[in-house]
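S.K.: After the sequence you'll find the predicted model.
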Amino acid sequence: MAMLMSLTTILTVVSALALGGLLHTYIKNLKKIKSKFTIGLLIFALLFLIQNLISLYYYLTMMNYYSPEVEIHVFILTLLQTMGFLVLLKITWE
C-alpha cells in the first residue's frame, strides 16, 4: 500500500500546483478588479494551499504510520479534491 500513499503524495503536489495557478490568477484579477468576491477567491485558494502543503508534509514524514484501512480513504479524498481544483483552474483560465 505504500504505492497508494505515493500516489496520494503526487496528487497533493498536483493539487498544490493547481492552487498556485489559481492564486496567481486571483492576484492578477485583484490588481484589476478590487472586489470582495475576488478577495474571497484569493483567501479560498490560499487556505486550501496551506492545507495541501501541511498534508504533503505529513504524507512525507509520517507515511509509514498510515494504516492500510485509512490509505484508500485518504487517496480517494485527495483524488476528488485534485480533480475539483483542476476543473476550477481550467474554468478560471478560460
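M.R.: Ah, there it is. As the structure is a prediction and not an experimental result, all values here were calculated from the model.
S.K.: Now the one helix or strand residue 6 maps to: average pLDDT?
M.R.: Assessed by DSSP states H and E, residue 6 sits inside helix 2-32. Taken as a whole, helix 2-32 has a mean pLDDT of 94.
S.K.: and if you look at stretch 36-52?
M.R.: On average, stretch 36-52 scores 95.
S.K.: Need the CA coordinates for it. CSV is fine.
M.R.: Output of stretch 36-52 as CSV, limited to C-alpha atoms (Å, rounded to 0.1, in the frame of the first residue of the first chain):
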residue,chain,number,x,y,z
LYS,A,36,-14.9,41.3,-2.1
PHE,A,37,-15.6,38.3,-4.4
THR,A,38,-12.0,38.4,-5.8
ILE,A,39,-10.6,38.7,-2.2
GLY,A,40,-12.8,35.8,-1.2
LEU,A,41,-11.4,33.7,-4.1
LEU,A,42,-7.9,34.6,-3.1
ILE,A,43,-8.4,33.6,0.5
PHE,A,44,-10.2,30.4,-0.6
ALA,A,45,-7.2,29.4,-2.7
LEU,A,46,-4.6,30.5,-0.1
LEU,A,47,-6.3,28.4,2.7
PHE,A,48,-6.5,25.3,0.6
LEU,A,49,-2.9,25.8,-0.5
ILE,A,50,-1.9,25.9,3.1
GLN,A,51,-3.9,22.8,3.9
ASN,A,52,-2.3,20.9,0.9
